[in-house]
Every structure is written in structure tokens, then in C-alpha cells.
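Chemist: Model the structure of this input:
(2 chains)
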Amino acid sequence: MPPNFPAHLRALEAESLHILREAAAQTARPVLMYSIGKDSSVLLHLARKAFHPAPSPFPLLHIDTTWKFREMIAFRDAIAARYRLDLRVHTNPDGLRQNVNPFDYDPGIYTRIMKTEALKQALDAGGYDCAIGGARREEERSRAKERIFSVRGPDHVWDPKRQRPELWHLYNGQRAPEETLRVFPLSNWTELDVWTYILAEEIDVVPLYFAAPRPTVERDGTLIVVDDARMRLRPGETPVTRMVRFRSLGCYPLSAAVLSDAADLPAVIAEMRSTRSSERAGRLIDRDQDASMELKKREGYF
Amino acid sequence: MPEQLLRVLTCGSVDDGKSTLIGRLLFECGAVPDDILAGLEEDSRRFGTVPDDLDFALLVDGLAAEREQGVTIDVAYRYFETPLRRFILADAPGHQQYTRNMATGASTAEVAVLLVDATKGVLAQTRRHAAIAALMGVRQFVLAVNKMDLARFAEAPFAEAAAEVRTLLDRLGGHNLTAIPVVARDGDNVTRPSARMAWYHGVSLLEALEAAPIPLPPAAGPARLPIQVVLHPNATFRGYAGTVLGGGLRVGDTVVNAGASTSARVARLASMDGDRDAAAPGDAVTVVLDREIDVSRGDVLATAPAPEPTQQITARVVWMDDTALFRGRAYLLMLGAATSVATVTDIAGRLDLDRMAEEPTRALAGNEIGTVTLSLAQPLVCETYATSRELGGFILIDRLTRATVGAGMIIRIQPNGRAIYWHRLDVDKAARAALKGQRPAVLWFTGLSGAGKSTIANLVERRLQALGLHTMSLDGDNIRHGLNRDLGFTEADRVENIRRIAEVAKLFVDAGLIVLVSFISPYRAERNMARERVAVGEFLEIFVDTPVEECRRRDPKGLYARADAGQLRNFTGVDAPYEAPDAPELRLRTLEAEPERLAEQVVAELRQRGIIT
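Modeler: Now for the predicted structure:
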């Protein structure tokens, strides 16, 4: 930690390390959900710190919809190799067989099959009793009441009424055999905290977060980057090269880019401080209905 | 870049405008992005309560169910920052289950914002909120007197509310108070001064939050390190990971594993950024010691003066479950990184928040606060809550539902040596049993009224007698004529009934006897408690399994008929629950065999377990 490290980040880091250690101590088969994004990168960094010099006790699980940006997959594999991580990748085989894709399917259905269902399959197959994720309460208003240790019933269902009160820094990880835990060590972080921490700790992130000329089309008021030949262009659409970057990463046909010149971390942080739109504004899957995040969470989405 | 983190609790009664105030605060601090604001405009038209204007309350009312009903049901956390500070705001709803929510939000808060409606003044609920926050250790309060516009911006109602809260806090002992008149809807005195209340010269709400002193832990105090994980990746490294509490820790400090006598020195404070010389309270560290001492998860490494582990504590307990807390019930207690079984040995009283006085009680219902003494199965290292929130605060967990059912703040620690002294006797259980040539045991017959418990137990005892074994029978009905004559059939009395029987059964086991207990004993928790009174292998739970229809048909004492007629209340199987055993040592299905056969089955089981030969 550099000496000029902001005091509030130091407190947030210590809290997250404490949570990760509790997750490791209270569960038998924990797994770290790795989505390749900035939050996952911070989470992985913290998991390595919490147990240093011992290796992190958490294997990594990536739910691959097969529609991620190519740069994301390359980054994932490079990180796994560099830190010698136990990376486990799962794709929903049923969805793959039926060719469920973001063009022919409604974003809600696509997300349910390729992300939520795939996640449940992977968690069940691995027999994991605890999935650690990088979700933050500040991201979305239905997350504001999520616990740091959150109990999921059979079939990974989230029941907001059954959540346990969380006092002090005591996390109740007790669970029945048919129950599992979701643990969110970054609950109290904001998007700005994540970026300042990435800068202070020199954490590598996917280059897609930085502005670069990329081939884009304008669709429904958003900018979509044409990442590979599978992109279905609508009549009249021709890719145009624009200086863009992403605030939030997901499946490329569903992730909206923003026009930006912020090509490095200080520029990204400066842009963050002056921005007037929310980070999830670029997520097309959250717009499908009111309270959509709450519905997805009840079904078992992260 | 903000340099400090401040945790704030906000509380208010229904319709005080708390959500509006928070929404306004977030908006003015720039924590509301444009697309969320656009969503707010739409939501305001659909659900809003403010005609033709933005309803800031909708920014923070999270779950869809809440937005439709216009109420908040759970603690929500909000985040915003100013150039001076980064804030974590715990937003506790003021009505349903407010005690539970308020306690949760206050447990980490340094400042509490109390909201009062200027037209209504300080309500009973406001006083309770303040009392709970103070009990949870909050020392700084901000009183926001809202809806000043509806009070025609007059100073009198504001001054009145401020004086009343000041008196209340003085009575609760040593708290800071800043009182501010606001109009949350329009933003008066939220982040900017108001032009409409010239008589007020004080700070805005945001200025008060930016100026609130953050209590710093005394760096010179003794350090405590509750061990979360032992790191032992290879033969050469052994580190103890945890979060430093109390005072700072330096390389070279002498520490002991509290409760043990051997000490060691801190050789390294290891971290991925390289070793450090010192760690401050709140830092998550990994300690390497200069020699090997026995340390595992839940232990506490401490610098002098090191605390002594205890097995008996008295605490303020905030009860959070629908099922009440009773004397004799056992729970899991989590404190620091340690977990122990804790049995309630006494409930001194229940706190009346209006009078701030205790009244006698036999149970704590949901959202009540009381003073409770707990006996711990494992000795734990703790502090009073006044000394340390982290080592003085604990949670209680129900062992069956695994839910967090209570939160406690330690007010007294009974030093282990001075707990009720256990007189060691030279002639012990084994000696007494050996003289009789048998192994003691408890045969615990449980089942509905009329299931056949006493009938079968009686047959079993006759067979054991015939084998020359020494036995004793405890029968529910008979004991209620004597020892338990003072107890009725409420849940609290049933718990106490079983507690006494379990203790008596244990005494007979100590006497070397085979004890046959025939009690309905409807609750798993109490049967487990009875099981834990004796040694492993000495307790046999025998489930006399008769369907309630059959019991009602038999009705040997005519009790079902009376219960069905409403003449008997709290009758198990009719209007009181029976929790069937999950894994009894023996299950006797009375519909499938005669009592004699079932008694033989019990004797055979005792043979198989080596209790009799």
C-alpha cells in the first residue's frame, strides 16, 4: 500500500480482507465468481492479499456465455496463467445446443439461460457451498439491502424476507445442507473507490475500459462495438470507428460503449468524477422491466 | 480525495420524510446520475406522493414491493462523498421491526441522524430510536427537525423539539447533539443554508456530518487480535490472520494467546506489499511469531494486560426473532472469530424504552431488549461493550433455523475463577455406576400425549429390573404434581419444565442410574439441551411415533376431547406444535407393533449400544 493511499480506501480494504477470511473459515467449498471486469479484478487482488503468502483458497469460476469480448477472454487466460490460478469455466450446454444468442432471444431470456441457469448448473456441479462475488450495494437500488453474507435457499433462490440481520463485523455463515452462501466483500465500495484502488494498487484491468478507436454501430440510442463477425448488422448499419471505452463489461452485443478520450487510469478517474450517468446505464439487460435486478436476483442471478 | 470514512445511521418515524431527506442529500452531493434522475421523473409520475415534482423518496426506496406500498422494510446502505469525507449511510426504517433494524444500523455507526416532523414534535418512537442508538454505542446525534415549512418556519417548535431531545440524551449519558431545522423536500439546510429561517445561524445537515469528530481508537491501548485463519502453506511459514483491535501492534511486541501462559514475540507483520513494522487498530494483518505456540481460529492474541477467557457473561440483548428467548434455551454465540454454545441462565429484566427502566420478565419477545446472563460451553475472550464494540458485541444464532436471532452487548464479565464454583467430588459418576455393575444412561421417550410413552417406559423398566439393573423413572404427569407444580403450559413454562427434568435426569445419571424419562417434550431445542447435559452416548432419544389421529382416538385421559372443545389451551398436537425428532436413536411405530414388542426393541437397542450386557 503506497504511503499516500487514501485513508477511506485503507478502511474499505481491511474490511474486505476480513470478509474474505471469514468466508474461507466458515465454508468448506468456496468459489470466487470471476467475471473478468474491474470489480472481479479488485476482488481477485484482495483474495490474494488476504491469505498472502499462502495462495488464495478460492478457485475461480467464470460463466462464459461465449459472447464476451475477445479481449476479455484473452485477459482472463493471461491472468490465470500469471498467478497460476485454478480457473474453472462453464457454459450452459443446453443453451449452446439451442444456439441461444443475444440477437434471436430477448435479453431477459438470454440472460436467464446463459447466465443465471449456467451459474446454477456450475454451482451445483461443483458442489460449492459459497460463491464470492464482486457486487456492490451502490450499483443498483435493490442491492442496497443485500447482506454481505447472503443465504440462498434450495435452487439458489434469494428471499429478501429471510435475510439475516448483520451487526458489527459478525457474519453468520451457518447454513443447512440444501442452503448456500453468497458473499460480497465489495459491498461498501463505490465505482469510484474501485477505480482509485486499481490506480493505487496498480491492478491490471481489461484494456476495454480505456478509450481507443473501435468499430461501432449506433443502435437504440447506444453505441455497440462490433467485436467479431457474429455481430448481426441491421439494414443501414455500417461500423464506424469511434473513440470509445466501457464503464461496465458483459456480452459485447449487450454492452454499450461511451464516447471518451480517457485512455489511462487517471483520465478514467477524472472522467468518473465529472460524469453524469450511472455505471449500469450501459447494461442493456437491466432495462427490460421495472425492478428487473430484484427479479433476476430472486431467480438466482448474481 | 476524501480522507475519512464516516458511518451514519438515519432514523425517523413513519412520514417524517426520512427517505425524502436522504434522497435530497444524495442528489445535492451529486450521487444521483442523470439516467437515474430520468428514471426518478418517471417513477415520480407513477408512484410519487409529491404532486408535479420529483419525489426524492423514490430514489432510496429499493425493493419493488416497497415502492408499491410506499414503505421501507429493511436497513439499506447508501454511499456518497464530499471532498472532505466518504459516507456510509445506514438507513433504518422507523416502524415495522424498528428495534431490530435500528440496532443493526447503529452497530457500526458513529453518528445518528434523528428525524422529527416539526408539526408533530418528538414522538414516543423518536425517544425509543434515540435510546436504541445510544445503547448500541452511538455517541453523536444530529436532530433534523423536518417539514419546517408546514410549521410556518417558526423557531418555537424547533427549539422545543431540540430541548426535549437534549434532555433525553443527557439522561442517557454523555452525548453530543446538533439540532438543525430543515425542509427536506426543498433542500433548506440540507446542504445549503436556508433563506427562509433567518433566526437559525447553525450548520447545515451536511456540514454537521462533515464536522462530526471520528472517534479514534487509543493507539496506546493493549492490542487484541482475534484469529480468523491460520495460514500454513508450507513447513516454513505459519501466520495468524485477523483484524487488529484495541491498540496498535508492532514487530517485537510480546503477545500471549489469551488464557494460556506461554508468550511469544511478533517476528513479522507479513503482507503482499512487503513486511510492515507496525499495524494500527482496524488493519487486517498476518502475524508471524518468533516461536511456536498453540493458536487456532477463535483464539485471541493479546498484548499485556491480556484478558482472561470467561464462561459467564451478562449482556443487553436485542431480540430479533419471532420465537421468544427463554431461560434454559441454548444458542450459538458468535463473538470476534469465536463461536460457542451459550445457554440462557437468567433473564434479569426487559427494558421499557419509554421509562428507560427494567421490568421483570420470563421471556424476551421479538424486538424487545433485556438483560440476560449466558453460560458459555467454551471459554471466550471478550471485553465489555463500553470498552470494545468488536469484542463486546455478539450475535446469537438459532441452532435449527441457523438464523441470527439476537444481538448482545456485554455489560458484565464473570471472571472464570469467580463463577459459581464447581465442587469436585472424589466419588464420581463412574465410581457410582461401577458399584452397581452398569453404565448410566437417559432413555428419553418423546411423543404426543396418548402416544404410549409411559406405557412402553413402564414395560422397559420392568425388564431392566428383572435383569438386576438400577433404574429411575421420571414421568411428565407425576413430576407436574411436585417439582414442577408451579409451571403451566405456555411455551416459556414448557421450556422451564424440560430444563428442570433435564437437570434431574443428569443428577440421576451422575448417581449411576438408567433414567427413563417420559415427557411430551415438543421442542427440538429442549431435547437437544437435555442431550447436552450428559456425556456423548449416554442419551437415547426414543420417538414414540403415533399419528395424532390415533392419539385422539385413544385419548386415555380425555384430554383431546377437552382441547377440541376449547377447554384446554396450548395442547400439543391441537393448538401447540410438536417438533418430531430428526434423527432419534430409536423410533417406535406404535401402529405396527404391540407395546411389549416395542419394549423388547428398546432393551435390544441398549444391548447393542453396550449400555447393558
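Chemist: Could you list the residues in contact with the helix or strand containing B:L459?
Modeler: B:L459 is part of helix B:453-466, with elements assigned from DSSP states H and E. Residues outside helix B:453-466 that contact it (CB atoms under 8 Å, 6 or more residues apart in numbering or on different chains): B:443, B:445-447, B:471, B:473, B:475-477, B:514, B:516-520, B:544, B:588, B:595-596, B:598-600, B:602-603, B:612. C-beta here means a position set from N, CA and C on the backbone, and glycine is covered the same way.
Chemist: try 6 Å this time
Modeler: Helix B:453-466 is contacted from outside by B:445, B:447, B:471, B:473, B:475, B:516, B:518, B:544, B:595, B:598-599, B:602-603, using CB atoms under 6 Å, 6 or more residues apart in numbering or on different chains.
Chemist: same question, stretch A:84-104
Modeler: So stretch A:84-104 is contacted by A:59-64, A:66-67, A:80, A:110, A:113-114, A:117-118, A:122, A:232, A:251, A:253-254 (CB under 6 Å, 6+ apart).
Chemist: Go through it and flag the buried ones.
Modeler: By 16 or more other CB atoms under 10 Å in any protein chain shown, the buried positions in stretch A:84-104 come out as A:L85, A:L87, A:H90, A:T91, A:N92, A:G95, A:L96, A:V100, A:N101, A:P102.
Chemist: on that earlier part again, mind listing what whichever helix or strand comes after the helix holding B:L459 pairs with, with the direction of each?
Modeler: Using DSSP H and E, the helix or strand that follows helix B:453-466 in sequence is strand B:471-475. Strand B:471-475 pairs in its sheet with strand B:514-518 (parallel), by DSSP bridges.
Chemist: Convert the C-alpha atoms of the strand it pairs with to PDB, please.
Modeler: Only the C-alpha atoms of strand B:514-518 are listed here, as PDB (Å, rounded to 0.1, in the frame of the first residue of the first chain):
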ATOM      1  CA  ILE B 514     -30.500 -45.800  34.000                       C
ATOM      2  CA  VAL B 515     -33.200 -43.000  33.800                       C
ATOM      3  CA  LEU B 516     -36.400 -43.400  31.900                       C
ATOM      4  CA  VAL B 517     -38.000 -40.000  31.100                       C
ATOM      5  CA  SER B 518     -41.500 -39.900  29.600                       C
END
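Chemist: Next, the angle helix B:453-466 makes with that strand.
Modeler: Computed by axes from the mean of the first three to the mean of the last three CA atoms, to 10 degrees, the angle separating strand B:514-518 from helix B:453-466 equals 160 degrees.
Chemist: Of the contacts of helix B:453-466, just say which sits nearest to chain A.
Modeler: Using CB to the nearest CB, B:G447 is the member of the contacts of helix B:453-466 that lies nearest chain A, at 25.0 Å.
Chemist: so how far is A:A54 from that closest one?
Modeler: Here B:G447 is placed at a distance of 51 Å from A:A54 (CB to CB, to the nearest Å).
Chemist: who's more crowded, these two?
Modeler: Shown here are B:G447 and A:A54; by other CB atoms under 10 Å in any protein chain shown, B:G447 has more neighbours (29 against 18).
Chemist: so what's the residue nearest the centre of chain B closest to, chain neighbours aside?
Modeler: Nearest residue to the geometric centre of chain B (CA atoms, centre = their mean): B:G406, 1.9 Å. Once flanking residues are discounted, B:G406 sits nearest to B:L396: 3.8 Å by CB to CB, 6 or more residues apart in numbering or on different chains.
Chemist: do B:I132 as well
Modeler: B:M102 (4.6 Å).
Chemist: For the one you found, list the residues it contacts.
Modeler: Taking CB under 6 Å, 6+ apart as the definition, contacts of B:M102 comprise B:C11, B:A92, B:H129, B:I132.
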